[in-house]
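1. Here is a sequence together with a model predicted from it:
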Amino acid sequence: MSLPGIVRRLVDKPVPKRLLWSCWLVLRAASVIVPRQKRAEWFLEWYGEVWHWTHFLAESERLSPHTEQEILGHCWGAFPDALWHRLNRVAVLDFLHNTPLSPGFCLIALVATLSVLVAGSPMSNSWWSLRPRLQTGPADLLTVSPNSRSHWLEPELLRDAATDWTRRSPLIARAETYAWRPSVIRGPAGKEEVLSARLTPGMFGLFGTSPLLGRTFEPTDPSTCQTCLVLSDGVWHSQFHESSQVIGEHLSLNGEQMEIIGVLREQFHLPGMDIGVFTPFGPGSQPRMPGLEWVSTILRVPASPPLEKTRRDVEKFVNQTSGLPPNTVLDVLSSKDIQYQWLESCAASIGFAILLLTIVNWRTAARLCATGPRRAITTLFTWWLFLAVKSSLLLAVVLAGSLDVLQMGVLRFGHDAHNYVDGAAIWVFLVGLTIALRWSVYDQLSRCRTCLRRLRMRVELGSSVGTFCEPSGAELVCDIGHGMLHLPVMYFSCLDSERWIDLHESWRVVSAAQAGTSTP
């Protein structure tokens, strides 16, 4: 074939009209985003590129379904380019460059992280709102237990005293007692450490709960069924894998074989306790276990007066009655009080951990105090307030993450691994708290003492430490020109020290020009 024929064949190579129409529609839709004064030029540039690309592939006989998809994908990439033309590029780059340095961005990022952890947590929303866990029974219940400063109290003594209270006080309509202790059970799944409780037969009726399987204790059980056992939902899951044939099976409790007569629902919990197995109070006295077994009583009180006033009256009454050993002080708490007591103990533990970390890292804390703002009271207040808010949000993030680890571990491995998961969650919290607080302090040190922006401009002064006291180390300069942080070569040296230097207002113009921003 002659050369003119070859050229004529290449020129006459057909181009798929469908492909060009598809590209034209995509580019026309993307051009709507482009500002009107630039729209025609932008569209012609994009469509001309696609037209030449398509004809080149067709003439070189390389146009295939794969290359057609590649061309269409390139056309869809016109939408980001059109959006980029719609926005102010200088403003967008300035926003992306400067916003992450601001203190507001830091706080918003921490709040967003905390929100994600709380929203995606397997725990209920009522737990995160710090509201007490809802009980299965009525709300007019009070818990009576020996004060932490009292001597150990024998469970049978409090049980008999509580029975006497119902006859002597119109404030107490009903009283049921339980004694709990750490125990070891052994079942089909092996050995497991749980909390067990001996309780009076009417305890479950006081809460208005019904068993999921089988039955609960009856008034005659303390004498006729001393080896009867009621399982919690957690032990039923970990030992018997939720088998419906569990009634009548046997389980070893502290070396003694017990017969299972019932399984409780998941919603049932004694106030502030996570009991695994329940047995009835035996007749008469039981072996004394000082420091190992602890007793409490649940009281039902009238619902008409305010519960707090009733609680105070009941606490005064039970501490004035006889029948208990001398120097016995009883605390009366509502379910809300028990929940808040737990929160207070957690807050005390966290405060102690923060204090301990501060003492261990006293040098870092000293740097924070030595380089802080000193001129204006408002600047000093804003500096420390930002550190406090940032550290509090970091603490909340670490706490939420640790609790999520705990709950996911329990859901993944079951209640039989609760102790191991507890330990892992505590270690996660302690390690996370250490890292978070150290990062919070170092982030604070690298911010301007006036505007709290991250210091980005770094000026190297050299590493000389001669006898003529020439400048050495580095200086971090505020973008706006408020001041600079001098970083010596050696932090612990008598010749030089880390310090913050406030600059005159005339430096703001120079700093803004160097940073590419406008002077406020």
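-> Here it is on my side, so go on. All values reported here derive from a predicted model rather than from experimental measurement.
2. What is the burial count for His241?
-> By the criterion of other Cβ atoms under 10 Å, His241 has 11 neighbours. Any C-beta I mention is one placed from the backbone N, CA and C, and that applies to glycine too.
3. Return the distance of it relative to Ala189.
-> 8 Å (Cβ to Cβ, to the nearest Å).
4. Ok, Leu333 next?
-> Following Cβ to Cβ, the distance that separates Leu333 from Ala189 is 35 Å.
5. what's the longest strand in this structure?
-> Identified as the longest strand of the chain according to DSSP state E is strand 174-187.
6. packing partners for that strand?
-> Strand 174-187 sits against helix 155-168, strand 190-199, helix 203-207, helix 233-240, strand 250-253, strand 294-300, with contacts defined as 3 or more Cβ pairs under 8 Å, 6 or more residues apart in numbering; DSSP states H and E.
7. Save the ones you listed as a markdown table, and put in mean pLDDT too.
-> Below are these laid out as a markdown table (pLDDT from 0 to 100):
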| stretch | mean pLDDT |
| --- | --- |
| helix 155-168 | 87 |
| strand 190-199 | 88 |
| helix 203-207 | 86 |
| helix 233-240 | 86 |
| strand 250-253 | 90 |
| strand 294-300 | 88 |
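8. closest to Thr227 out of those?
-> Minimum separation from Thr227 across the helices and strands packed on strand 174-187 (Cβ to Cβ) falls at strand 250-253, 8.9 Å.
9. about what we covered before: out of the helices and strands packed on strand 174-187, which gets nearest to Asp140?
-> Using Cβ to Cβ, the helices and strands packed on strand 174-187 put strand 294-300 closest to Asp140, at 6.2 Å.
10. what pairs with the closest one, and is each one parallel or antiparallel?
-> Its sheet considered, strand 294-300 pairs with strand 141-146 (antiparallel), strand 174-187 (antiparallel) by DSSP bridges.
11. Columns mean pLDDT, distance to Leu324 and mean neighbour count on top of those, output as a markdown table?
-> A markdown table is the format used below for the strands paired with strand 294-300 (pLDDT from 0 to 100; distance: least, Cβ to Cβ, whole Å; neighbours: other Cβ atoms under 10 Å):
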| stretch | mean pLDDT | distance to Leu324 | mean neighbour count |
| --- | --- | --- | --- |
| strand 141-146 | 86 | 9 | 21 |
| strand 174-187 | 89 | 13 | 20 |
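12. how long is stretch 141-155 end to end?
-> 20 Å (Cα to Cα, to the nearest Å).
13. Correction: the previous question concerned stretch 160-176.
-> End residues of stretch 160-176 are separated by 10 Å (Cα to Cα).
14. in that stretch, what counts as buried?
-> In terms of neighbour count (16 or more other Cβ atoms under 10 Å), stretch 160-176 has its buried residues at 161-162, 165, 169, 171-172, 175-176.
15. check contacts around Leu357.
-> Residues near Leu357 by Cβ atoms under 8 Å, 6 or more residues apart in numbering: 433-434, 437.
16. change it to 7 Å
-> Listed by Cβ atoms under 7 Å, 6 or more residues apart in numbering, the contact set of Leu357 reads 434, 437.
17. between the helix or strand hosting it and strand 141-146, how big is the angle?
-> Using DSSP states H and E, Leu357 sits within helix 335-360. With axes from the mean of the first three to the mean of the last three Cα atoms, to 10 degrees applied, the angle from helix 335-360 to strand 141-146 works out at 50 degrees.
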